[in-house]
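J.: sequence unknown, structure follows:
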């Protein structure tokens, strides 16, 4: 399935339907952030803006005005061309291109946005912005006229509205996530073939990242390659240690394709073979995860799934010969079992989220025993359907025997 202008028009239509009559809503793509004297950090547009527009241009505004009769008009405020600057930074998007890609007819200069929006705000009862945007992504007009117009409006936050819309994936979004998963799978297959004792964690990460870049994708987030003592560190990102024979290495990684993310965790034996104790612990985590995935059904909450995870570990670990820590299972399992996935790796999830069809939720139980330098997490991306859970990442190998075979 392909996607294009009509898909974003559909998203904006759903969004505008949630707005009350008399509302002016404005969302910014964001501004570049300076990295050094003459360079910026890589620019990523605000994902709520991207969800509605499919555009990645910085310094761009999307505005929709819904009048008292419920009729809506959309505007896109685009930076004007700067031919001299473009010799250094590349050609900026032009109005005709933006109109073709977004389906918006009213393309106006970004420099005049504050005055234009001030006039619209004079007609509006409600001004709705995205309060959750990072500072560098918020609309900052710097206009006295705009501020005066806003003083007569009721202020509202469209962030929760968009978060709710983004939780329920459209078919084309699911298709893009499947493509991100396929790229992630290829990268992990390459990684399995290269992994060996003496390899640096960053070298292993580079094998995966090369496969992602070669496929024309980006990383969902900085790759985690946590070996040995680093395994129990949930968001370890240094990736500097040399991997040792007998260590486990836990990878948390994913490819991002056309904005949509995969998020996968796998735990491999550096030497190619799990020790007896590592295998027993791995089998516990894998068994718990398989049971959890079958419970990812409509009407079940993340709170319930978390409680189930804890109870399963408390039951299965002693049966496998592991004495639970005196401080309780929380000393070995100290994170949530899953989160929503989409444009963001953690895509607007609340802890009391109740699963609904077309949500994509990760399932990632893990056990971390710091005194043994062991961290084992197995994470898959689960599509919720009316007929039951669908594991989008099922083909990414996690069976320990199969892993050992592929590492020979």
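T.: Happy to help now that I have it. Being a predicted model, the structure only gives us computed values, none of them experimental.

J.: residue 126: neighbouring residues, count only.
T.: For residue 126, the neighbour count with other CB atoms under 10 Å is 17. Yep, even glycine has a C-beta here, placed from its N, CA and C like the rest.

J.: that one against residue 22, yeah?
T.: Yes. The criterion here is CB atoms under 8 Å, and residue 126 meets it with residue 22 at 5.9 Å.

J.: and for residue 203, the neighbour number?
T.: By other CB under 10 Å, 16 other residues sit near residue 203.

J.: the helices in this structure, which residues?
T.: 5-18, 47-53, 83-89, 95-102, 113-123, 144-150, 159-167, 171-194, 201-214, 276-294, 302-319, 400-406 (DSSP state H).

J.: closest to residue 360 out of the ones you listed?
T.: Closest to residue 360 of the helices of the chain, according to CB to CB: helix 171-194, at 6.2 Å.

J.: just the buried positions in that closest one, please.
T.: Going by neighbour count (16 or more other CB atoms under 10 Å), the buried part of helix 171-194 is 172-188, 190-192.

J.: so which helix or strand of this protein has the lowest pLDDT on average?
T.: helix 144-150 (a mean of 85; mean pLDDT, DSSP states H and E).

J.: same for that helix, what does it pack against?
T.: Helix 144-150 sits against helix 113-123, with contacts defined as 3 or more CB pairs under 8 Å, 6 or more residues apart in numbering; DSSP states H and E.

J.: what mean pLDDT does the helix it packs on have?
T.: Averaging pLDDT along helix 113-123 gives 92.

J.: counting by contacts, list what it packs against.
T.: strand 23-28, strand 61-66, strand 72-78, helix 144-150.

J.: ranking the ones you listed by burial, who's on top?
T.: Mean neighbour count (mean count of other CB atoms under 10 Å) peaks for strand 23-28 among these, with a mean of 25.

J.: that one pairs with which strands, parallel or anti?
T.: Strand 23-28 has the following strand partners under DSSP bridges: strand 61-66 (antiparallel), strand 126-129 (parallel).

J.: okay, those in JSON lines with mean pLDDT and distance to residue 29 next?
T.: Listed next are these as JSON lines, based on pLDDT from 0 to 100; distance: least, CB to CB, whole Å:
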{"stretch": "strand 61-66", "mean pLDDT": "96", "distance to residue 29": "7"}
{"stretch": "strand 126-129", "mean pLDDT": "94", "distance to residue 29": "14"}
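
J.: out of those, which comes closest to residue 204?
T.: Across these, closest to residue 204 is strand 61-66 (CB to CB), at 40.3 Å.

J.: give me the pLDDT value at the closest residue to residue 278 other than its chain neighbours.
T.: Nearest residue to residue 278, sequence neighbours excluded (CB to CB, 6 or more residues apart in numbering): residue 248, at 6.0 Å. Listed pLDDT for residue 248 reads 98.

J.: who touches residue 248 in this structure?
T.: Residues counted as contacts of residue 248 (CB atoms under 8 Å, 6 or more residues apart in numbering) are 227, 228, 231, 267, 268, 269, 270, 274, 278, 374, 375, 376.

J.: and for the residue lying closest to the fifth one once chain neighbours are set aside, the neighbour number?
T.: This points to residue 268. Once flanking residues are discounted, residue 268 sits nearest to residue 249: 5.6 Å by CB to CB, 6+ apart. Residue 249 has 25 neighbouring residues, counting by other CB under 10 Å.

J.: so residue 249 makes contact with residue 265?
T.: No. At 11.2 Å, residue 249 and residue 265 do not qualify as touching, with contact defined as CB under 8 Å.
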